[in-house]
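Novice: Test case, fold it:
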Amino acid sequence: MLELAVLGFLYDDQLHGYDLRKRIAALTGHVRPIADGTLYPLLKRLEAAGLLTRELQPGRVAAPRQVLSLTAAGRRALLDRLREPDDLFITDENRWFTLLAFLRHLDDPAAQAAVLRRRLTFLTQPASFFWDGDRPLRAADFDDPFRRGLFTIATATTRTELAWLRETLADLDA
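Specialist: Okay, here's the model as predicted:
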C-alpha cells in the first residue's frame with residue numbers, strides 16, 4: 001500500500017521526501033501513520049530497483065533538498081500495479097482506497113473498468129463479519145447495539161460504493 005502511494009504521488013509530481021510523507025499521511029495516515037523509519041528505507045529500495053531517482057536541489061531557505069522523481073520504469077510499475085492489482089487491493093478497504101486514489105493514471109477506460117468490476121464482484125458476494133455455520137449473520141440477528149451498528153454502517157457504506165461503482169462503470173462503458 002505504501003509503495004503504491006509513493007509511486008502514485010511521484011507520478012503526479014517531483015516531491016521532497018517530507019512533502020511525500022505528508023501526502024501519504026493525508027491519504028493513509030488515519031490507518032497507518034508513516035514513520036521516517038518506514039518511508040526512507042522504502043525510498044532507497046525503490047531507487048535501487050531503478051523506479052525513482054533523487055536530485056539535489058537548492059532549498060527554499062537554506063539547506064539543499066533531495067527531490068524524488070519517478071523513472072520511466074517507475075511509471076510503468078505504477079501502471080502495471082493499477083492495471084492488475086493484487087487481490088488484497090480489491091478486498092481490503094484501505095488498500096482499495098489507495099488504489100482508487102491513483103486509478104485515474106490508467107488512461108484506458110476499459111482497464112479502469114476491469115479493476116472496478118473486480119471490486120463490484122467482490123462486494124456482491126455474500127459477506128458478513130460473523131457467521132452461524134454457513135449462514136452469514138445480519139444486523140437484525142444481534143441484540144447488541146454495537147454489533148448492529150457495525151453492520152448498519154458497513155451496509156450503508158457498501159450500498160453507497162455499489163451505487164458509485166455501477167454509475168462509474170456505466171460512464172466508462174459509454
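Novice: next structured bit after the host helix or strand of residue 5?
Specialist: Using DSSP states H and E, residue 5 sits in helix 2-12. Per DSSP H and E, the first helix or strand lying C-terminal to helix 2-12 is strand 15-16.
Novice: Now do that next one: which elements does it pack against?
Specialist: Under the contact criterion of 3 or more Cβ pairs under 8 Å, 6 or more residues apart in numbering; DSSP states H and E, strand 15-16 touches strand 65-70. All C-beta spots, glycine's among them, are computed from the backbone N, C-alpha and C.
Novice: The strand it packs on vs helix 2-12, what angle?
Specialist: Interaxial angle of strand 65-70 relative to helix 2-12 (axes from the mean of the first three to the mean of the last three Cα atoms, to 10 degrees): 100 degrees.
Novice: residues in contact with strand 65-70?
Specialist: 7, 10-11, 14-17, 20, 43, 51-59, 78 (Cβ atoms under 8 Å, 6 or more residues apart in numbering).
Novice: what do you get for stretch 116-136?
Specialist: Taking Cβ under 8 Å, 6+ apart as the rule, stretch 116-136 contacts 85, 90-91, 96, 137-138, 141, 147, 150-151, 154, 158, 161-162, 165-166, 168-169, 172.
Novice: got the contact list for the spatially most central residue of the chain?
Specialist: Closest to where the C-alpha atoms of the chain average out (Cα atoms, centre = their mean) is residue 98, at 1.3 Å. Residue 98 sits next to 1, 4, 5, 8, 27, 28, 89 when contact means Cβ under 8 Å, 6+ apart.
Novice: So of the residues you listed, which two are at opposite extremes in space?
Specialist: 27 and 89 (14.1 Å; Cβ to Cβ).
Novice: So for the two, which residue has more residues nearby?
Specialist: residue 89 (22 against 19; other Cβ atoms under 10 Å).
Novice: Can you check what pLDDT the model gives the more buried one?
Specialist: Predicted confidence (pLDDT) for residue 89: 97.
Novice: just the one 4 residues further on next, same as before
Specialist: Looking at residue 93, its pLDDT is 91.
Novice: What degree of burial does it show, as a neighbour count?
Specialist: 12.
Novice: quick one, what contacts it?
Specialist: Counting by Cβ under 8 Å, 6+ apart, residue 93 has no contacts.
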